[in-house]
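J.: sequence and predicted structure are below.
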Amino acid sequence: MKKIILAAATILGFTTFVSAQWNPDSTQNNPVVTGSNTTSKNNLVSASDGNGGMYIAWEDSRTTATTGSDIYLQKLNADGTVAFTQSGLLITNSLNSQTNISIVADGSGGVVLVWQDARDNNRTDIYGQRITSAGTNVWTAGGIVVADTSGQQTVPIIERVNATEVMVFYRTNLDLSASPTGTDLYVSKLNLATGARVFDNKRIANGTGTQTAQVILADGAGGAFLTWQDPRLSTSNSDIFSQRVNNIGDTLWGSASNPYNGVAVSMAANNQLVPQIASDSAGGIIITWGDLRTSTTDANIYAQRLNGSGVPQWTVDGRIVNSAPGNQANPIILASNTGTYFIAWSDQRQGTSNRDLYLQKINVAGDTLFVGVSGKPIATAIGNQPVSTNSAVMVRDGANGAILVWDDARVGNSGANGLDIRAQRVNANGDPLWLADGVPVATRQLSNQANPVAIADNAGGAIVAWQDSRTSASGEIYASKVYSNGALPVTFINITAAITSNAIAVNWKASCDNMTDRFEIEKSVDGRQFKSIGLLKAPVVTAACLIDQSYADHNPVAGNNYYRIKGVDKDGKFAYSPIARIKFGGNNATAIQLYPNPAKDVVNVQMMNLAPGKYTLRLLDANGKLVQNTAITVQLNYQQQMLQVSKLNAGNYILNVINENGKVVSSKQLLKQ
């Protein structure tokens, strides 16, 4: 049971509301931004807050008539609550449109965003902003200029390259040599504290044509690796090239005559498309891409490894990762903790109208580790998984496995209502650990949930957000947390407290699963200091269940009695429900309760309706011999004291509560195991 939540506790005719936390219902989920839902929220990007939460940024059209598309940001805390205003935190609404956002964690709980910005008379430049965890601007309001040459700067990507700096790569049609070659790749570097440019507008690649689909990865030495799709040989024959940039922006790979060439990753026939990269943990990178060298109608997945000097380590033009029939495209790559690499892709081996999701694993030698070069199926249901060729996400699970998230058309079909979000976790061997073809994350009927983003939650699960059309097309953003066992968080449906025959009955209804171990009932007389008064084991289940449990407190105190439920997982994780309160005015007799009873090592003595003052807890054996004497001071009409009984012999004992006048005010029998 991963998280216990109570949205509303009904207590004797009144309702107490608490902050919305992770909603376990895949048809409801958690709203990230629902304000201005008649306008679109597009092109989501995400980053971790470093504390189990998630930042989500997007392009927003709510003021498109006056300022074009704007940039907004929201933060989801680890418990599912939103940190900023429900309509989202405005990053910039400068004139004309701001698009193509890239985001990275700043290492201090905040994030840095960069974007393409047309505020300067529709000439696009690159702007950026750093936001703290509290949602405040670190740099100039509206963003600072990252790149603003006389040309058009577009499609920035950002990476934090050390503790104090970020690099921003972008495309520009400005060629500093005055011999235009199309759109080339450039880099600027920013100081995190001030936003000042450490260097700017340094050329990275200027091959003939337009270099696109660039991806970036910090090199661990203050610089970065960059890989891209390059048509320098032919506009109809894109290849894959790569470059390394040091901490002052100088290129390290390429020929002496042209340091901006980079190195060829693959120059095979036809197109090599949409590369992705991961660190090889030895100073180099692993690159994967979709490849049409066999046929323009039979794309496959390839990979290559470059060392820190840019030298290919595997077969020329790369090693094959998948060669199944049909098109395999848009791979994503994730380094595991064992020096191996998961590669997932969209797969049409079953037909062009039935895209599936497959997975392979390779080692540092480029060997495939799953089922030859066929891969393992992750989702093969009817319809497309993912819906868009590039709408699958993969994150680490913290246990040498991975979590994959995608949008799914098994209920509806592309463009129709019924697109869902699903997820699957695999172990180190690529075996699915959750429901076949993926667990439902978002399944709102008669609407679409699409284009997910995700981060690892550092507890074996993931936080997922997506575009949502439950009120209008792409008008909202929702999110959910998926726990390590593939379930959404459990929830209490309600909790009630009622007086019955000089007792108080506490009842709760909750969902549970096979991770739920027990529910502990806790009580307080002031609503602040709680003590455990009972325990109920969760029912044994093999799938999701709904429980309805009650506990009778036969020793209520006069006045207010507060109750809450502590839900505990088998792994020891726990969370609390909110508090139920009831005022008791019936039997006010002094009473004591022992818990547990029988006891083995310790026993909790719970005393109700004692007048304030000094008391003695006197424990006698079956022969009336005093074996333990404990002095206590009572300040409230409910008191709890723990007694150590581990050294006592097994048998029956009597516990007397004695006031300052030596009078026994209450007694209880204790069985020692």
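T.: Received it, and whenever you're ready, just let me know what you need.

J.: from here on, just use CA atoms for contacts and neighbour counts.
T.: Fine.

J.: for residue 256, helix, strand, or coil?
T.: coil (DSSP: H, G, I helix; E, B strand; the rest coil).

J.: tally of neighbours for it?
T.: 8 (other CA atoms under 10 Å).

J.: for residue 447, see how far away it is.
T.: The gap separating residue 256 from residue 447 is 56 Å, by CA to CA, to the nearest Å.

J.: can you check residue 249 too?
T.: 47 Å.

J.: between these two, which has more neighbouring residues?
T.: residue 249 (23 against 20).

J.: so which strand or helix has the more buried one?
T.: Using DSSP states H and E, residue 249 maps to neither a helix nor a strand.

J.: now do the contacts for it.
T.: 187, 188, 189, 199, 202, 223 (CA atoms under 8 Å, 6 or more residues apart in numbering).

J.: likewise for residue 536?
T.: 518, 519, 520 are the contacts of residue 536 under CA under 8 Å, 6+ apart.

J.: wait, the second one touches residue 567, no?
T.: Think residue 519. Yes - Residue 519 lies in contact with residue 567 (CA atoms under 8 Å); the separation is 4.7 Å.

J.: neighbour count: these two, which is higher?
T.: Per other CA under 10 Å, whichever of residue 519 and residue 567 has more neighbours is residue 567, with 29 against 19.

J.: distance of the more buried one from residue 461?
T.: Residue 567 is 19 Å from residue 461, by CA to CA.

J.: same check, this time on residue 360
T.: Taken as CA to CA, the span from residue 360 to residue 461 is 21 Å.

J.: what of residue 119?
T.: 40 Å.

J.: okay, these two: which has more neighbours?
T.: residue 461 (24 against 17).

J.: got a list of what that one touches?
T.: Contacts of residue 461 (CA under 8 Å, 6+ apart): 397, 403, 481, 482, 483, 484, 485, 486.

J.: okay, now the closest residue to residue 451 other than its chain neighbours: neighbour count?
T.: Nearest residue to residue 451, sequence neighbours excluded (CA to CA, 6 or more residues apart in numbering): residue 391, at 5.2 Å. Taking other CA under 10 Å as the criterion, the count of residues near residue 391 is 18.

J.: quick one: residues contacting residue 391.
T.: Applying CA under 8 Å, 6+ apart, we find residue 391 in contact with 406, 407, 450, 451, 452.

J.: narrow those residues to those in strands?
T.: Among the contacts of residue 391, the members found in strands (DSSP state E) are 406, 407, 450, 451, 452.

J.: what is the nearest of those residues to residue 476?
T.: residue 450 (11.1 Å; CA to CA).

J.: tell me the bridge partners for that closest one.
T.: Per DSSP bridges, the residues bridged to residue 450 are residue 467.

J.: out of the helices and strands in the chain, which is least certain?
T.: strand 14-17 (a mean of 28; mean pLDDT, DSSP states H and E).

J.: and the residue nearest to residue 288 when sequence neighbours are not counted, what are its bridge partners?
T.: Excluding the flanking residues, the one nearest residue 288 by CA to CA, 6+ apart is residue 303, at 4.1 Å. In this entry, residue 303 is beta-bridged to residue 288, residue 319, by DSSP bridges.

J.: surely residue 303 meets residue 322?
T.: No - using CA under 8 Å, residue 303 is not in contact with residue 322, being 9.8 Å away.

J.: overlap in contacts, these two.
T.: Joint contacts of residue 303 and residue 322 (CA under 8 Å, 6+ apart) do not exist.

J.: chain center to stretch 111-123: distance?
T.: When C-alpha coordinates are averaged (CA atoms, centre = their mean, to the nearest Å), stretch 111-123 and its chain have centres 28 Å apart.

J.: just the CA coordinates for it, please, in CSV.
T.: C-alpha atoms of stretch 111-123 as CSV (Å, rounded to 0.1, in the frame of the first residue of the first chain):
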residue,chain,number,x,y,z
VAL,A,111,14.9,24.2,-12.7
VAL,A,112,16.3,26.1,-15.6
LEU,A,113,14.2,26.5,-18.8
VAL,A,114,15.2,27.7,-22.2
TRP,A,115,12.9,28.3,-25.2
GLN,A,116,12.6,29.8,-28.7
ASP,A,117,11.3,33.3,-28.4
ALA,A,118,9.9,35.6,-31.1
ARG,A,119,9.4,38.8,-29.0
ASP,A,120,11.9,40.7,-31.2
ASN,A,121,9.7,41.4,-34.2
ASN,A,122,9.2,37.7,-34.9
ARG,A,123,13.0,37.2,-35.2
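
J.: report the buried residues of it.
T.: 111, 112, 113, 114, 115, 116, 117, 118, 119, 123 (16 or more other CA atoms under 10 Å).

J.: where does residue 417 land on pLDDT?
T.: Note for residue 417: predicted pLDDT of 65.

J.: check the one 4 residues further on too.
T.: The model reports residue 421 with a pLDDT of 94.

J.: start the count at 642 instead of 1 going forward.
T.: Sure, I'll start numbering at 642, so the last one becomes residue 1062.

J.: now it. Nearest residue, chain neighbours left out?
T.: Residue 1062's closest residue in space is residue 1048 (CA to CA, 6+ apart), at 4.5 Å.

J.: what of residue 1224?
T.: Residue 1224 sits nearest to residue 1201 (CA to CA, 6+ apart), 4.2 Å away.

J.: list the contacts for the one you found?
T.: Applying CA under 8 Å, 6+ apart, the residues contacting residue 1201 are 1166, 1167, 1222, 1223, 1224, 1225.

J.: neighbour-wise, give me the winner out of those residues.
T.: residue 1222 (24 neighbours).

J.: beta-bridge partners for that residue, please?
T.: Here residue 1222 sits in beta bridges with residue 1203, going by DSSP bridges.

J.: equivalent analysis for residue 914, please.
T.: residue 931.

J.: for the stretch 642-791 of the chain, what spans make up the helices?
T.: Using DSSP state H, counting those that start in this stretch, the helices of the stretch 642-791 of the chain run over residues 705-708.

J.: low pLDDT regions in it?
T.: 642-661, 763 (pLDDT under 70).

J.: one step back: how close does the residue nearest to residue 1092 sit to residue 815?
T.: Distance of residue 1032 to residue 815, computed by CA to CA: 32 Å.

J.: got it, and residue 1090?
T.: 39 Å.

J.: quick check: end-to-end length of stretch 983-1000?
T.: 7 Å.

J.: quick one on the thing from earlier: let me know the closest of the ones in strands among the contacts of residue 1032 to residue 872.
T.: For the ones in strands among the contacts of residue 1032, the nearest to residue 872 is residue 1092 (28.0 Å; CA to CA).

J.: who's in contact with that closest one?
T.: Applying CA under 8 Å, 6+ apart, we find residue 1092 in contact with 685, 1029, 1032, 1033, 1047, 1048, 1107, 1108.

J.: need those residues in JSON lines (columns: distance to residue 859).
T.: Compiled in JSON lines, those are given as follows (distance: CA to CA, whole Å):
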{"residue": "685", "distance to residue 859": "22"}
{"residue": "1029", "distance to residue 859": "28"}
{"residue": "1032", "distance to residue 859": "24"}
{"residue": "1033", "distance to residue 859": "23"}
{"residue": "1047", "distance to residue 859": "26"}
{"residue": "1048", "distance to residue 859": "29"}
{"residue": "1107", "distance to residue 859": "27"}
{"residue": "1108", "distance to residue 859": "29"}
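
J.: from the residues you listed, pick the one nearest residue 1078.
T.: residue 1047 (10.9 Å).

J.: doesn't residue 1064 make contact with the closest one?
T.: Yes - judged on CA under 8 Å, residue 1047 makes contact with residue 1064 at a distance of 6.5 Å.

J.: for these two, work out which one has more neighbours and name it.
T.: Regarding residue 1047 and residue 1064, a neighbour count based on other CA under 10 Å identifies residue 1047 as having more, with 31 against 27.

J.: the nearest residue to that one once chain neighbours are set aside and residue 882, how far apart?
T.: Leaving aside its sequence neighbours, residue 1047 sits nearest to residue 1033 (CA to CA, 6+ apart; 4.4 Å). Applying CA to CA, the value for residue 1033 to residue 882 is 24 Å.
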